[in-house]
Structures are given as C-alpha cells and as structure tokens.
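**Student:** Just need the structure, nothing else, for what follows:
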Amino acid sequence: QVQLVESGGGLVQAGGSLRLSCAASGRTFSTYAMAWFRQAPGQEREFVAAISWNGGSTSYADSVKGRSTISRDNAKTSVYLQMSSLKPEDTAVYYCAGYRSRSPALYSGSSYYTYWGQGTQVTVSS
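**Tutor:** The predicted structure is shown next:
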C-alpha cells in the first residue's frame, strides 16, 4: 500500500511559478511510475505529466509542455511538478498518482494509476 500526500499548491498570479510536491509512504516507491493529474471545477480529471520509476522517461500534456517539469527523488520518496508561466486555465486541484511499473512506457490514462493523493489546490489569478 502506498499513500500519497500532495503539497505546494496555493494562489499565484498569472505568469508566476509553483512547485508541487508529493510525498509517498512505503519502501516500494522506487518501483512506481508517477504522474500528476488535475481537475478543474466542472471538468474531467486530465493528465498533466508522468515520470518513469527511475526518472529515465517523462511525458507531458501539450497544455503544460515547455512550462512544467516533473521530477522525482527516490531517496526522498517524492515526486515534484515545477510549473512556470502559469495561466488562469491552470487553476485546478492537482493530484499525484502512481502505479507499479519498471517499464519506461508512460500512460496518460487515469485508469492505469492505482494510488492517488487527496489533491492540492492551485489557483492562478489574472
């Protein structure tokens, strides 16, 4: 069982930056592919970024590509999402998610992900 706890959300002005963190419990974190998803009010949850178990591969949604960087520190059992040039349309609850995989392949579908955090709110004001 893996528990995920997100932090780092908040209110930021358009054009600003935020770094989201996700702390994972359990000693098997290094065997998990991890991802960030987000859900805006009235919209479906959408994929943001993913990273393989060893950080060797990453994947980004077109909407954040070039503005965001996903990274992980297996020693600290944590995954991060650095976001810059934030836009009001980035406003959402951001969720950390993971599934057990040592494959370099990454998936954007939420059904692949076994474990989910409770989310952290990001609000970007115009």
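
**Student:** got a list of what the residue nearest the centre of the chain touches?
**Tutor:** Among the residues of the chain, the one closest to the centroid is residue 36, at 2.1 Å (CA atoms, centre = their mean). Contact partners of residue 36, counting by CB atoms under 8 Å, 6 or more residues apart in numbering, are 20, 22, 48, 49, 50, 70, 79, 81, 94, 95, 96, 97. The way it works is simple: take the backbone N, C-alpha and C, and place the C-beta from them, glycine included.

**Student:** For these, pick the one with the most neighbours.
**Tutor:** residue 79 (30 neighbours; other CB atoms under 10 Å).

**Student:** quick one: that residue and residue 65, what's the gap?
**Tutor:** 18 Å (CB to CB, to the nearest Å).

**Student:** on that earlier part again, next, format the contacts of residue 36 as a markdown table and append secondary structure and distance to residue 115.
**Tutor:** Output for those, formatted as a markdown table (DSSP: H, G, I helix; E, B strand; the rest coil; distance: CB to CB, whole Å):
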| residue | secondary structure | distance to residue 115 |
| --- | --- | --- |
| 20 | strand | 16 |
| 22 | strand | 10 |
| 48 | strand | 16 |
| 49 | strand | 16 |
| 50 | strand | 14 |
| 70 | strand | 16 |
| 79 | strand | 12 |
| 81 | strand | 16 |
| 94 | strand | 15 |
| 95 | strand | 10 |
| 96 | strand | 9 |
| 97 | strand | 6 |
